[in-house]
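A.B. asks: Only the shape, not the letters, is given here:
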Ligand SMILES: NC(=O)C1=CN([C@@H]2O[C@H](COP(=O)(O)OP(=O)(O)OC[C@H]3O[C@@H](n4cnc5c(N)ncnc54)[C@H](O)[C@@H]3O)[C@@H](O)[C@H]2O)C=CC1
Ligand SMILES: CC(=O)C(=O)O
Ligand SMILES: [Mg+2]
């Protein structure tokens, strides 16, 4: 198969979808790998290194779209690429379609085979291609929250961890999955007072065994959130209903009760966000203020730490890329249920229920297309 590694074009997105070591593995499996010129620069990998590991360096995205059987990106295709997508072409990347109606409609029209990293799912319910970036984003969420608490950044001027003799800040994390747990670890490590909320008692029981004593674990209810949010310095949105639009859990009314200059970090923004007042921002312009509360809603947070994220992402994607390339998408989906879950829009059909439900479109189970 011919594989195309495109240069990311989203604002300030410096990741790349495959490391040179990944290219070597694909070559060992008998595939051709086209890498767009300068695709890896932001992650510390130059064209000469890719070439040394067996990649063919290609000048334009147009040539890659024209030649590749499978396209790989990190982020979703952007409008400048829409016309280049070919019928039957495999697109393997983060898509987050339940929060992207235009993109969903475009992919339906193109009849491409769109496999989303974020909905590939293992038998235990975990999301192996979302996990590494959720680890990064969860850890970053606290760095960003701490930074924007500084008065020079628009915050109310508190050091999140405090110092001896002065109270630390209070962090509320909504959702105790991968993002939430990683955010909690960082916030606890800094010495903040941390509240972690989830709807799953089993998850809270597990976390109570592994989290330090400055992490308080509570079941999520709107009234608990309303109470905590009025006292919080940093609130992190970290909920997920896989593949579906995020529920709006924190309302504008709750925001009004918050301290001016406190900070919301809505990591769930890529699925639409879990605060009523969230809208996607970019690394170039990451924050805005509503009701005096700083909102950080960057949909590709890991893109700012590409040296960590690119390697972590390839570590997770590569076994799946190898399987899809070696077997073709149909056989790979027939034989591996994890990959079947990744099917979002295939040959003009919406094959992921959360996406179909988000837009009232017809849901076509992927099994009927294999
Ligand atoms: N902005 C960015 O750059 C990035 C965003 N993300 C996003 O972060 C979000 C969270 O991802 P993960 O932690 O990997 O998901 P996860 O599936 O590991 O965790 C989600 C947690 O939310 C909980 N939950 C669901 N509904 C809830 C509710 N109503 N109240 C409280 N908890 C609830 C679930 O029980 C689960 O524990 C996703 O939308 C993901 O796409 C992930 C990486 C980067
Ligand atoms: C998960 C995701 O959307 C990201 O890493 O950008
Ligand atoms: Mg995202």
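C.D. replies: Nice, thanks for sending it over. The shown structure was predicted, so the numbers you read here are calculated from the model rather than taken from an experiment. Ligands and ions are numbered 1, 2, ... in the order given.
A.B. asks: Ramachandran coordinates for residue 84?
C.D. replies: phi -90, psi -20 (degrees, to the nearest 10).
A.B. asks: Which per-residue confidence value corresponds to the residue lying closest to it once chain neighbours are set aside?
C.D. replies: Once flanking residues are discounted, residue 84 sits nearest to residue 65: 3.6 Å by CB to CB, 6 or more residues apart in numbering. (Glycine included, C-beta is placed from N, CA and C.) The model reports residue 65 with a pLDDT of 98.
A.B. asks: mind checking which helix or strand residue 65 is in?
C.D. replies: helix 61-67 (DSSP states H and E).
A.B. asks: Would you mind listing the outside residues contacting that helix?
C.D. replies: Helix 61-67 has contacts (CB atoms under 8 Å, 6 or more residues apart in numbering) with 2, 4-7, 34, 36, 58, 71, 81, 84-86, 89.
A.B. asks: Identify each buried residue in it, please.
C.D. replies: Residues of helix 61-67 classed as buried under the neighbour-count rule (16 or more other CB atoms under 10 Å) are 61, 64-65.
A.B. asks: Contacts for stretch 210-222 next, please.
C.D. replies: With CB under 8 Å, 6+ apart, stretch 210-222 has contacts from 174, 176, 181, 184-185, 188, 191-199, 201, 204, 207-208, 224, 228, 249.
A.B. asks: Over to stretch 348-359?
C.D. replies: In this structure, residues lying in contact with stretch 348-359 by CB under 8 Å, 6+ apart are 97-99, 101, 104, 108-109, 111, 116, 119, 241-245, 343-345, 361-366, 369.
A.B. asks: Follow the chain on from the helix or strand harbouring residue 196 and name the next helix or strand.
C.D. replies: Following DSSP H and E, one finds residue 196 within strand 193-198. Scanning forward in sequence from strand 193-198 by DSSP H and E, the next helix or strand is helix 201-210.
A.B. asks: close to ligand 1, is that next one?
C.D. replies: Yes - shown here: helix 201-210 in contact with ligand 1 (CB under 6 Å from any ligand atom) through residue 203.
A.B. asks: The longest helix seen in the chain and ligand 2, any residue contact?
C.D. replies: As assigned by DSSP state H, the longest helix anywhere in the chain is helix 306-327. No - Helix 306-327 stays clear of ligand 2 (CB under 6 Å from any ligand atom), getting no nearer than 7.0 Å.
A.B. asks: Average pLDDT for the next helix or strand after that helix, rounded please.
C.D. replies: Next in sequence after helix 306-327, counting helices and strands by DSSP H and E, comes helix 329-335. Per-region confidence: helix 329-335 scores 98 on mean pLDDT.
A.B. asks: residues in contact with the residue of the chain found nearest ligand 3?
C.D. replies: Here the chain gets closest to ligand 3 at one residue, residue 270, 3.1 Å apart by CB to the ion. Applying CB under 8 Å, 6+ apart, we find residue 270 in contact with 94, 96, 99, 118, 280, 299-300.
A.B. asks: Serialize these to a markdown table and add fields for neighbour count, pLDDT and secondary structure.
C.D. replies: A markdown table is the format used below for the contacts of residue 270 (neighbours: other CB atoms under 10 Å; pLDDT from 0 to 100; DSSP: H, G, I helix; E, B strand; the rest coil):
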| residue | neighbour count | pLDDT | secondary structure |
| --- | --- | --- | --- |
| 94 | 21 | 97 | coil |
| 96 | 24 | 95 | coil |
| 99 | 21 | 93 | helix |
| 118 | 25 | 96 | helix |
| 280 | 14 | 97 | coil |
| 299 | 25 | 93 | coil |
| 300 | 26 | 94 | coil |
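A.B. asks: Return only those of these found close to ligand 2.
C.D. replies: 94, 118, 300.
A.B. asks: So the first one is in contact with residue 118, correct?
C.D. replies: So the one you mean is residue 94. Yes - the criterion here is CB atoms under 8 Å, and residue 94 meets it with residue 118 at 5.5 Å.
A.B. asks: Quick check: chain neighbours aside, which residue is closest to whichever residue of the stretch 251-370 of the chain sits closest to ligand 1?
C.D. replies: Nearest residue of the stretch 251-370 of the chain to ligand 1: residue 301, at 3.4 Å (CB to the nearest ligand atom). Leaving aside its sequence neighbours, residue 301 sits nearest to residue 137 (CB to CB, 6+ apart; 4.3 Å).
A.B. asks: The helix or strand where the one you found lies versus strand 193-198: what angle between them?
C.D. replies: For residue 137, the host element (DSSP H and E) is helix 131-148. Put simply, helix 131-148 runs at 140 degrees to strand 193-198, going by axes from the mean of the first three to the mean of the last three CA atoms, to 10 degrees.
A.B. asks: Helix 131-148 near ligand 2 at all?
C.D. replies: Yes - under the criterion of CB under 6 Å from any ligand atom, ligand 2 is reached by helix 131-148 at residue 133.
A.B. asks: same for that helix, what does it pack against?
C.D. replies: Packed against helix 131-148 by the contact rule (3 or more CB pairs under 8 Å, 6 or more residues apart in numbering; DSSP states H and E) you find helix 178-190, strand 234-237, strand 263-266, strand 293-296, helix 306-327.
A.B. asks: Which other helices and strands does whichever helix or strand comes after it contact?
C.D. replies: Scanning forward in sequence from helix 131-148 by DSSP H and E, the next helix or strand is strand 170-174. Packing contacts for strand 170-174, counted by 3+ CB pairs under 8 Å, 6+ apart, involve helix 178-190, strand 193-198, helix 222-229, strand 234-237.
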